[in-house]
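Colleague: Here is a sequence with its predicted model. Questions after.
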Amino acid sequence: MRVGVIQSSFIPWRGYFDFIASVDCFVFLDDIQYSKNSWRNRNKIKVYNGLQWLTVPIRHERLDQLIDETWIDNSRAWTEKHFGSWKANYSKAPYFRDITELLSCLDCRQDQTISQLNIKLIRQICEYLNISTPMLLSRELSLIGSKTDRLIDLLKKLDATTYLSGPSADSYLDKQAFREHGIRLEYKSYEYLEYPQLWGDFEGAVTVLDLIANCGPDAKNYIQSQTPNKVVVEFGLS
(Lines give C-alpha, C1' and ligand atoms only; values in the text may rest on other atoms or scores of the structure.)
Protein backbone atom coordinates (compact mmCIF):
# COMPACT_ATOMS: atom_id res chain seq x y z
CA MET A 1 0.00 0.00 0.00
CA ARG A 2 1.61 3.23 -1.20
CA VAL A 3 0.27 6.31 0.58
CA GLY A 4 0.77 9.98 -0.27
CA VAL A 5 -0.04 12.99 1.90
CA ILE A 6 -0.22 16.65 0.79
CA GLN A 7 -2.03 19.79 1.86
CA SER A 8 -4.85 20.79 -0.46
CA SER A 9 -4.01 23.47 -3.03
CA PHE A 10 -6.06 25.75 -5.24
CA ILE A 11 -6.27 24.26 -8.78
CA PRO A 12 -2.70 22.86 -8.44
CA TRP A 13 -0.18 22.07 -11.16
CA ARG A 14 -0.10 18.73 -13.01
CA GLY A 15 2.53 17.27 -10.68
CA TYR A 16 -0.05 17.26 -7.89
CA PHE A 17 -2.32 15.02 -9.97
CA ASP A 18 0.55 12.79 -11.02
CA PHE A 19 1.28 12.40 -7.30
CA ILE A 20 -2.33 11.37 -6.58
CA ALA A 21 -2.29 8.90 -9.48
CA SER A 22 0.97 7.39 -8.16
CA VAL A 23 -0.42 6.18 -4.83
CA ASP A 24 -3.03 3.68 -3.62
CA CYS A 25 -4.46 6.12 -1.09
CA PHE A 26 -4.15 9.90 -0.98
CA VAL A 27 -4.64 12.00 2.17
CA PHE A 28 -5.38 15.73 2.28
CA LEU A 29 -3.33 17.04 5.19
CA ASP A 30 -5.54 20.02 6.01
CA ASP A 31 -5.70 19.88 9.81
CA ILE A 32 -2.35 21.66 10.10
CA GLN A 33 -1.45 25.34 10.29
CA TYR A 34 -2.41 27.52 7.35
CA SER A 35 0.48 29.46 5.81
CA LYS A 36 -0.09 32.83 4.16
CA ASN A 37 0.98 33.48 0.56
CA SER A 38 1.14 29.78 -0.28
CA TRP A 39 -0.42 27.41 -2.81
CA ARG A 40 -3.37 26.83 -0.47
CA ASN A 41 -5.37 29.73 -1.93
CA ARG A 42 -3.65 30.74 -5.14
CA ASN A 43 -2.07 29.51 -8.35
CA LYS A 44 -0.70 30.78 -11.65
CA ILE A 45 -2.07 30.95 -15.16
CA LYS A 46 -0.21 31.77 -18.36
CA VAL A 47 -1.08 35.13 -19.93
CA TYR A 48 0.07 37.05 -22.98
CA ASN A 49 2.93 38.77 -21.15
CA GLY A 50 4.01 36.11 -18.65
CA LEU A 51 2.33 34.61 -15.58
CA GLN A 52 -0.55 35.86 -13.45
CA TRP A 53 -1.65 34.85 -9.96
CA LEU A 54 -5.27 33.88 -9.32
CA THR A 55 -5.94 34.26 -5.59
CA VAL A 56 -8.93 33.26 -3.48
CA PRO A 57 -9.32 35.83 -0.66
CA ILE A 58 -9.42 34.27 2.81
CA ARG A 59 -9.90 35.40 6.38
CA HIS A 60 -6.62 34.94 8.24
CA GLU A 61 -7.72 35.60 11.80
CA ARG A 62 -5.00 33.99 13.95
CA LEU A 63 -1.48 32.59 13.60
CA ASP A 64 -2.37 29.01 14.55
CA GLN A 65 -5.34 28.84 12.19
CA LEU A 66 -5.64 25.47 10.43
CA ILE A 67 -6.15 25.04 6.70
CA ASP A 68 -9.55 23.41 7.13
CA GLU A 69 -10.59 26.25 9.45
CA THR A 70 -9.64 29.00 6.98
CA TRP A 71 -12.76 30.68 5.64
CA ILE A 72 -13.08 32.13 2.15
CA ASP A 73 -13.85 35.86 2.13
CA ASN A 74 -16.88 35.83 -0.14
CA SER A 75 -17.61 39.47 0.60
CA ARG A 76 -15.16 40.24 -2.20
CA ALA A 77 -15.97 39.81 -5.91
CA TRP A 78 -13.15 37.37 -6.52
CA THR A 79 -15.02 34.90 -8.74
CA GLU A 80 -15.83 37.59 -11.28
CA LYS A 81 -12.17 38.55 -11.44
CA HIS A 82 -11.11 34.91 -11.91
CA PHE A 83 -13.60 34.25 -14.70
CA GLY A 84 -12.54 37.48 -16.39
CA SER A 85 -8.91 36.39 -16.36
CA TRP A 86 -9.75 32.95 -17.73
CA LYS A 87 -11.83 34.43 -20.55
CA ALA A 88 -9.25 37.08 -21.46
CA ASN A 89 -6.37 34.61 -21.66
CA TYR A 90 -7.88 31.22 -22.55
CA SER A 91 -10.98 31.86 -24.67
CA LYS A 92 -8.98 30.88 -27.77
CA ALA A 93 -7.75 27.62 -26.22
CA PRO A 94 -9.33 24.58 -27.92
CA TYR A 95 -10.83 23.22 -24.69
CA PHE A 96 -11.79 26.46 -22.96
CA ARG A 97 -15.31 25.11 -22.40
CA ASP A 98 -13.91 22.18 -20.40
CA ILE A 99 -12.21 24.42 -17.86
CA THR A 100 -15.23 26.68 -17.52
CA GLU A 101 -17.30 23.60 -16.67
CA LEU A 102 -14.71 22.47 -14.12
CA LEU A 103 -14.76 25.92 -12.54
CA SER A 104 -18.54 26.32 -12.62
CA CYS A 105 -18.80 25.51 -8.89
CA LEU A 106 -17.16 28.87 -8.15
CA ASP A 107 -20.35 30.65 -9.20
CA CYS A 108 -22.48 29.35 -6.34
CA ARG A 109 -19.93 30.11 -3.59
CA GLN A 110 -21.27 27.25 -1.48
CA ASP A 111 -17.88 26.30 -0.02
CA GLN A 112 -17.10 28.00 3.26
CA THR A 113 -13.43 27.09 3.70
CA ILE A 114 -10.52 27.06 1.29
CA SER A 115 -10.06 23.38 2.10
CA GLN A 116 -13.60 22.56 0.98
CA LEU A 117 -13.17 24.47 -2.27
CA ASN A 118 -9.75 23.00 -3.04
CA ILE A 119 -10.83 19.42 -2.41
CA LYS A 120 -14.00 19.79 -4.49
CA LEU A 121 -12.02 21.13 -7.46
CA ILE A 122 -9.28 18.51 -7.11
CA ARG A 123 -11.83 15.69 -7.06
CA GLN A 124 -13.54 17.08 -10.18
CA ILE A 125 -10.25 17.42 -12.03
CA CYS A 126 -9.24 13.88 -11.01
CA GLU A 127 -12.48 12.60 -12.49
CA TYR A 128 -11.75 14.49 -15.72
CA LEU A 129 -8.24 12.96 -15.84
CA ASN A 130 -9.52 9.45 -15.07
CA ILE A 131 -7.70 9.31 -11.72
CA SER A 132 -9.61 7.05 -9.33
CA THR A 133 -7.29 6.99 -6.30
CA PRO A 134 -9.25 6.86 -3.00
CA MET A 135 -8.92 10.11 -1.02
CA LEU A 136 -9.22 10.78 2.70
CA LEU A 137 -9.00 13.78 5.02
CA SER A 138 -6.30 13.65 7.71
CA ARG A 139 -8.81 14.90 10.29
CA GLU A 140 -10.80 11.69 9.80
CA LEU A 141 -7.87 9.63 11.15
CA SER A 142 -7.62 11.20 14.66
CA LEU A 143 -3.85 11.45 14.42
CA ILE A 144 -1.55 11.74 17.44
CA GLY A 145 1.97 13.10 17.85
CA SER A 146 3.75 15.78 15.83
CA LYS A 147 6.01 16.02 12.78
CA THR A 148 7.30 12.61 11.63
CA ASP A 149 5.65 10.78 14.56
CA ARG A 150 2.25 12.07 13.43
CA LEU A 151 2.99 11.01 9.88
CA ILE A 152 4.02 7.51 11.01
CA ASP A 153 0.77 7.28 12.98
CA LEU A 154 -1.14 8.12 9.79
CA LEU A 155 0.76 5.54 7.77
CA LYS A 156 0.25 2.83 10.38
CA LYS A 157 -3.49 3.49 10.51
CA LEU A 158 -3.67 3.02 6.76
CA ASP A 159 -1.44 -0.10 6.76
CA ALA A 160 0.99 1.67 4.45
CA THR A 161 4.09 -0.16 3.29
CA THR A 162 5.41 2.79 1.23
CA TYR A 163 5.24 6.53 1.79
CA LEU A 164 5.51 8.77 -1.27
CA SER A 165 6.77 12.26 -0.46
CA GLY A 166 7.74 15.35 -2.35
CA PRO A 167 11.55 15.78 -2.43
CA SER A 168 11.36 19.11 -0.57
CA ALA A 169 10.49 17.17 2.60
CA ASP A 170 13.98 15.70 2.75
CA SER A 171 15.21 18.43 5.12
CA TYR A 172 12.75 17.58 7.88
CA LEU A 173 11.67 13.94 7.53
CA ASP A 174 13.14 11.62 10.18
CA LYS A 175 14.33 8.80 7.95
CA GLN A 176 15.32 6.62 10.88
CA ALA A 177 11.65 6.49 11.92
CA PHE A 178 10.77 4.95 8.56
CA ARG A 179 13.52 2.36 9.00
CA GLU A 180 12.34 1.48 12.50
CA HIS A 181 8.74 1.01 11.35
CA GLY A 182 9.66 -0.87 8.17
CA ILE A 183 8.10 1.68 5.83
CA ARG A 184 9.65 2.37 2.44
CA LEU A 185 10.26 6.06 1.69
CA GLU A 186 10.21 7.40 -1.87
CA TYR A 187 10.57 10.91 -3.28
CA LYS A 188 8.32 11.81 -6.20
CA SER A 189 9.94 12.68 -9.51
CA TYR A 190 8.53 15.66 -11.42
CA GLU A 191 9.82 15.60 -15.02
CA TYR A 192 7.18 16.19 -17.66
CA LEU A 193 6.74 16.45 -21.41
CA GLU A 194 5.88 19.83 -22.84
CA TYR A 195 2.45 20.25 -24.42
CA PRO A 196 0.93 22.75 -26.90
CA GLN A 197 0.41 26.02 -25.04
CA LEU A 198 -0.76 29.56 -25.75
CA TRP A 199 1.39 32.69 -25.39
CA GLY A 200 4.94 31.96 -26.47
CA ASP A 201 7.61 29.84 -24.77
CA PHE A 202 6.46 26.87 -22.72
CA GLU A 203 5.88 27.40 -19.00
CA GLY A 204 5.19 24.36 -16.83
CA ALA A 205 4.76 26.00 -13.42
CA VAL A 206 1.06 26.76 -13.88
CA THR A 207 -2.26 25.27 -12.83
CA VAL A 208 -3.26 21.95 -14.42
CA LEU A 209 -6.19 23.80 -16.01
CA ASP A 210 -3.72 25.30 -18.48
CA LEU A 211 -2.95 21.76 -19.64
CA ILE A 212 -6.65 20.88 -19.84
CA ALA A 213 -7.52 24.08 -21.72
CA ASN A 214 -4.91 23.26 -24.36
CA CYS A 215 -5.16 19.47 -24.57
CA GLY A 216 -8.59 18.49 -23.27
CA PRO A 217 -9.07 14.74 -22.69
CA ASP A 218 -5.53 14.13 -23.96
CA ALA A 219 -4.24 15.94 -20.83
CA LYS A 220 -4.09 12.60 -19.01
CA ASN A 221 -1.19 11.63 -21.29
CA TYR A 222 0.91 14.55 -20.03
CA ILE A 223 0.73 14.04 -16.29
CA GLN A 224 3.12 11.10 -15.82
CA SER A 225 6.70 11.94 -14.84
CA GLN A 226 9.32 10.78 -17.33
CA THR A 227 11.81 9.72 -14.63
CA PRO A 228 11.40 7.22 -11.75
CA ASN A 229 10.90 8.14 -8.12
CA LYS A 230 13.92 8.11 -5.81
CA VAL A 231 13.97 5.41 -3.14
CA VAL A 232 15.42 6.90 0.06
CA VAL A 233 14.60 4.17 2.59
CA GLU A 234 14.04 0.62 1.44
CA PHE A 235 11.76 -1.50 3.64
CA GLY A 236 13.43 -1.09 7.00
CA LEU A 237 16.94 -0.68 5.57
CA SER A 238 19.31 2.28 5.18
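Modeller: It's in. Numbers count the residues shown, from 1 in each chain.

Colleague: Run through the bridge partners of Tyr163.
Modeller: The bridge-partner assignment for Tyr163, based on DSSP bridges, gives Val3, Leu185.

Colleague: Assess the claim that it and Gly182 are in contact.
Modeller: No - contact status for Tyr163 versus Gly182: not in contact, 11.4 Å apart, counting by C-beta atoms under 8 Å. All C-beta atoms are positioned from the backbone trio N, CA, C, and that covers glycine.

Colleague: Which residue of these two possesses the greater neighbour count?
Modeller: For Tyr163 versus Gly182, the count of surrounding residues by other C-beta atoms under 10 Å is larger for Tyr163: 26 against 11.

Colleague: mind checking how far that one is from Lys156?
Modeller: Taking C-beta to C-beta, to the nearest Å as the measure, Tyr163 falls 11 Å from Lys156.

Colleague: now swap in Phe10 and tell me
Modeller: Taking C-beta to C-beta as the measure, Phe10 falls 30 Å from Lys156.

Colleague: Repeat that for Glu140.
Modeller: 15 Å.

Colleague: For Val27, which residues count as its bridge partners?
Modeller: Beta-bridge pairing for Val27 (DSSP bridges): Val5, Leu136.

Colleague: buried ones in stretch 51-62?
Modeller: Going by neighbour count (16 or more other C-beta atoms under 10 Å), the buried part of stretch 51-62 is Leu54, Val56, Pro57, Ile58.

Colleague: who's more crowded, Phe10 and Lys156?
Modeller: Set side by side, Phe10 and Lys156 show unequal neighbour counts under other C-beta under 10 Å, the larger going to Phe10 at 19 against 11.

Colleague: Next, the more buried one: secondary structure please.
Modeller: The assignment at Phe10 comes out as coil when based on DSSP: H, G, I helix; E, B strand; the rest coil.

Colleague: And the pLDDT for it?
Modeller: On the pLDDT scale, Phe10 is placed at 98.

Colleague: Thank you kindly, that will do.
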